[in-house]
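Novice: Provided below for reference: sequence and predicted model.
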Amino acid sequence: MSARPIGDHALLSDCRSAALVTSDGSVDWLCLPRFDSPAIFARLLDEDAGHWSIRPTGPSDISRRYVEDTLVLETTFHTTGGTAVLRDALALGRRERGHALGTASPGTLLRQITCTEGRVTIEFAYAPRPEFGLINPLLSAVRGGLAAYGGAHVLLLSSPVDLRVSGSTAYGRIPLSAGHRIDFALHVGSAWERESVGWRAGRIRRRMSDTIEGWRSWSKLHRGYVGPWQAEVGHSGRVLRALTFAPTGAIVAAATTSLPETPGGMRNWDYRYTWVRDASFTLQALATAACEKEKNRFFDFLARAAATQLDRGVDLQIMYGIGGEHDLSERLLPHLTGWRNSSPVRAGNDAWRQRQLDVYGELLDAAHQTLPPGEPLAPATRTFLLQAAETAAQRWTQPDQGIWERRGPSRHFLHSKLMCWVALDRAIAMAPALQADERLPHWHYERDQIRRAIEQRGWNPGLGAFTQAFGNDDLDASALMLPIVGFLPPHDPRVQSTVLAIATHLTDRNGLVRRYLTDELQEEEGAFLLCTFWLAQALALTGHTTRARHVFQAALAHANDLGLLAEETDLTTAEALGNFPQAFSHIGLINAARAIRDAEQQTTDAQ
């Protein structure tokens, strides 16, 4: 069982794959060559599933940071005998700069340990366990390091020091004095490729410096946001870039699988895929963070991945693999005990089979934000968007599983109806580009019908709020979308009342917002950081900017020491829960910061 706090981890990325590193220098999660590849190190999910630790012997005081404007990690160990600095990075492609990040990443983890003061003895444990810990590889000395054989890949560890091999683990103890540095690299290649030799220290150092410059060049291009929490918005933009699969532009929901929403519970899903539902919010966030090229590539990915489904009359799929894959069938990994015994551990996500009608609104909203106004669309894109609008008009009256992917019976969820309204509203605005003037009367009619249904069947006068589904009494944080997507004006009394009801009844003692109170699994889940940022955004829109700031700060306070946000927090301990780091939480941060800035500016201008 792994018990390390989720928030103790740092993210590394080469814009193709990800690693998580603990505060004391252990790589406990690494998927290469893609985010969704089987993990090479998975101690995050089981103590015996592989790790690579570099740390001083004995106790030490530890601090860490990202090198400025990068996702290159520096961990500093202060011991009684001296100080050592560990630098970690997933290597970017050689001389990749700006928007090219991740184009040719070599699939290599770089690690450097330097003694900066006194004398420090470093201990080293390398335990690769490919395929989520299923394989205990054969370790064999090769020129320049160690090779690990077993399964479909060979792992080549470049090491300038001799290591003691015991079974499938290598150990070492290395004394360092001030000014001395040791460089390591771990490269993953196909088992049938010709065996290569390890990287020399000079090459590792050049690639580390080049990776730092690559991240800095990207950050320099993405400083468009000026306002409150400017540093946090910039950092969140980097995190979104880090969670982007560069070859396609897809953004994964998180870097991990099976980190639970309830410790010891069953809400353990694989988040290493791209959800259509995230599209419009992601694009808003990328625009705020001045990521225009990323924004366009992300929409292109969605349009291509989803193409032809509507031709066949099937529902638009809610999520895709990062290469555009459709079949994301879920399987269990019973050999893993899970984080704090949270099982089962899963690879894949069967939510891809669900019907979620909100995807049409998110897709059309993404297109409305992204595609250049007044310019003709490519025939395939135009046809696809027309089909999405028509499908929303035809199917909005049907039940579905909703935004939260409920695994119970289908229902008439308010958010799903709302996003079908968004689909038609944006299609109407785009009608000239869609060459769809003849469809306008029908779209107007169906949009008005959706509005009438939401206002009559979604409003609960007894609660004074819009509810989770038609005809029920449950509050749901997704109702905060009503003013955010423009369905109702922020000053509408029903909007004001709904926002207040959610702030009162769905907020925990830490000031964070829960999605809802109960569901079919009967497990008490944590508070959602995304929903908390939604509340801050809705409060800003409705004129409550001071309260919006307080709510924003409550959410931001739950970032870890490196500014990374989880999906949820425990209601009692406020500990991070869920897959990590969570793209949706960082998207929420960016969008809420912008909304608060704009609301405060409007107040200032009006004075």
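Specialist: Yes, it's here.

Novice: switch to C-alpha atoms for all contacts and neighbour counts from now on
Specialist: OK.

Novice: looking only at pLDDT, what's the mean for stretch 51-66?
Specialist: On average, the pLDDT along stretch 51-66 is 97.

Novice: Okay, buried residues for it please.
Specialist: The neighbour-count check on stretch 51-66 (16 or more other CA atoms under 10 Å) flags 51, 52, 53, 54, 55, 56, 60, 62, 64, 65, 66 as buried.

Novice: same check, this time on stretch 355-374
Specialist: Neighbour-count burial for stretch 355-374, counted by 16+ other CA under 10 Å, picks out 355-371.

Novice: Repeat that for stretch 487-495.
Specialist: In terms of neighbour count (16+ other CA under 10 Å), stretch 487-495 has its buried residues at 487, 489, 490, 494, 495.

Novice: Repeat that for stretch 533-547.
Specialist: 533-545.

Novice: isn't residue 490 right next to residue 542, touching?
Specialist: Yes: between residue 490 and residue 542 there is a contact at 4.8 Å, judged by CA atoms under 8 Å.

Novice: thinking again about what came up before, adding pLDDT as columns, could you present the buried residues of stretch 487-495 in a markdown table?
Specialist: As requested, the buried residues of stretch 487-495 are exported to a markdown table (pLDDT from 0 to 100):
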| residue | pLDDT |
| --- | --- |
| 487 | 97 |
| 489 | 96 |
| 490 | 95 |
| 494 | 97 |
| 495 | 97 |
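
Novice: Mark which of those residues are part of helices, please.
Specialist: Among the buried residues of stretch 487-495, the residues falling in helices (DSSP state H) are 494, 495.

Novice: for the buried residues of stretch 487-495, which one is nearest residue 590?
Specialist: Nearest to residue 590 among the buried residues of stretch 487-495, counting by CA to CA, is residue 490 at 19.8 Å.

Novice: Mind putting the buried residues of stretch 51-66 into JSON lines with secondary structure and distance to residue 482?
Specialist: What follows is the buried residues of stretch 51-66, written out as JSON lines (DSSP: H, G, I helix; E, B strand; the rest coil; distance: CA to CA, whole Å):
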{"residue": "51", "secondary structure": "strand", "distance to residue 482": "45"}
{"residue": "52", "secondary structure": "strand", "distance to residue 482": "47"}
{"residue": "53", "secondary structure": "strand", "distance to residue 482": "48"}
{"residue": "54", "secondary structure": "strand", "distance to residue 482": "50"}
{"residue": "55", "secondary structure": "strand", "distance to residue 482": "50"}
{"residue": "56", "secondary structure": "strand", "distance to residue 482": "53"}
{"residue": "60", "secondary structure": "coil", "distance to residue 482": "51"}
{"residue": "62", "secondary structure": "strand", "distance to residue 482": "45"}
{"residue": "64", "secondary structure": "strand", "distance to residue 482": "41"}
{"residue": "65", "secondary structure": "strand", "distance to residue 482": "39"}
{"residue": "66", "secondary structure": "strand", "distance to residue 482": "37"}
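
Novice: CSV for the residues you listed, including distance to residue 429?
Specialist: Listed next are the buried residues of stretch 51-66 as CSV, based on distance: CA to CA, whole Å:
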residue, distance to residue 429
51, 52
52, 53
53, 55
54, 56
55, 58
56, 61
60, 60
62, 54
64, 48
65, 45
66, 43
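
Novice: between these, which is closest to residue 451?
Specialist: For residue 451, the closest of those turns out to be residue 66, at 47.3 Å, with distances computed as CA to CA.

Novice: that's a helix at residue 382, yeah?
Specialist: Yes: with DSSP: H, G, I helix; E, B strand; the rest coil as the criterion, residue 382 is assigned to a helix.

Novice: measure it to residue 259 for me?
Specialist: When distances are taken as CA to CA, to the nearest Å, residue 382 and residue 259 turn out to be 39 Å apart.

Novice: Then residue 274?
Specialist: Taking CA to CA as the criterion, residue 274 is separated from residue 259 by 17 Å.

Novice: So the two - more neighbours on which side?
Specialist: Applying other CA atoms under 10 Å to residue 274 and residue 259 shows that residue 259 carries more neighbours, namely 29 against 25.

Novice: Surely the more buried one is in contact with residue 341?
Specialist: No: in this structure residue 259 lies outside contact range of residue 341 using CA under 8 Å: 10.4 Å.

Novice: pLDDT on the longest helix anywhere in the chain, on average?
Specialist: Across the chain, the helix with the greatest residue count (assigned by DSSP H) is helix 583-606. Helix 583-606 carries an average pLDDT of 91.

Novice: Who are the packing partners of that helix?
Specialist: Using 3 or more CA pairs under 8 Å, 6 or more residues apart in numbering; DSSP states H and E as the contact criterion, the secondary-structure elements in contact with helix 583-606 are helix 230-242, helix 279-288, helix 529-541, helix 545-556.
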